[in-house]
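Student: following is a predicted model, sequence given first.
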Amino acid sequence: MTVLESLQQMMTRFNPALAKGVNAVIQLNASGEGGGNYVLSIREGEANVAEGTAEKPTVTIHVAASDWVDIVTGKLDPTRAFMSGRLKIAGDLALMMRFQRMFLG
């Protein structure tokens with residue numbers, strides 16, 4: 001599975017009720033095979049994903065593509081990945097806690 005495929009899968013699990021009041025742009029920079037740069041936009045209870053980079057993201061995530069896929073598929077705990085330095089987050093950490101519930105259940 002690639003990062004794009006994992007993001008598309010996440011979109012099918014998006015819970016708009018948990019995104020109420022969230023207006024954010026999340027920049028995902030996934031390195032390595034199957035990675036890339038993606039922008040996730042959450043606004044008015046809707047989520048969209050596009051390839052590219054955001055000018056002023058609310059949060060920026062740096063991660064290896066394989067680690068990202070493992071997080072999305074439940075093979076790697078995101079908190080453990082963050083604490084070990086495999087997942088780097090800059091910006092609104094509270095939003096990332098909500099992000100996990102909005103997309104990963």
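Tutor: Looks like it arrived, so ask away. Numbering: from 1, shown residues only.

Student: CA only for contacts and neighbour counts going forward, please
Tutor: OK.

Student: give me the element the residue lying closest to residue 78 once chain neighbours are set aside is part of.
Tutor: Of all residues beyond its chain neighbours, the one nearest residue 78 is residue 71 (5.9 Å), with distances taken as C-alpha to C-alpha, 6 or more residues apart in numbering. Using DSSP states H and E, residue 71 sits within helix 65-72.

Student: return the distance of the helix or strand following that helix from the chain's centre.
Tutor: Once helix 65-72 ends, the next helix or strand along the chain (criterion: DSSP H and E) is helix 78-83. Mean-position distance between helix 78-83 and its chain equals 13 Å (C-alpha atoms, centre = their mean, to the nearest Å).

Student: in helix 78-83, what's buried?
Tutor: Residues of helix 78-83 classed as buried under the neighbour-count rule (16 or more other C-alpha atoms under 10 Å) are 78, 81.

Student: which strands and helices lie in contact with that helix?
Tutor: strand 87-91 (3 or more C-alpha pairs under 8 Å, 6 or more residues apart in numbering; DSSP states H and E).

Student: packing partners for the helix or strand following the strand it packs on?
Tutor: Following strand 87-91 in sequence order, the next helix or strand is helix 93-104 (DSSP H and E). Contacts defined by 3+ C-alpha pairs under 8 Å, 6+ apart place helix 93-104 against helix 3-13.
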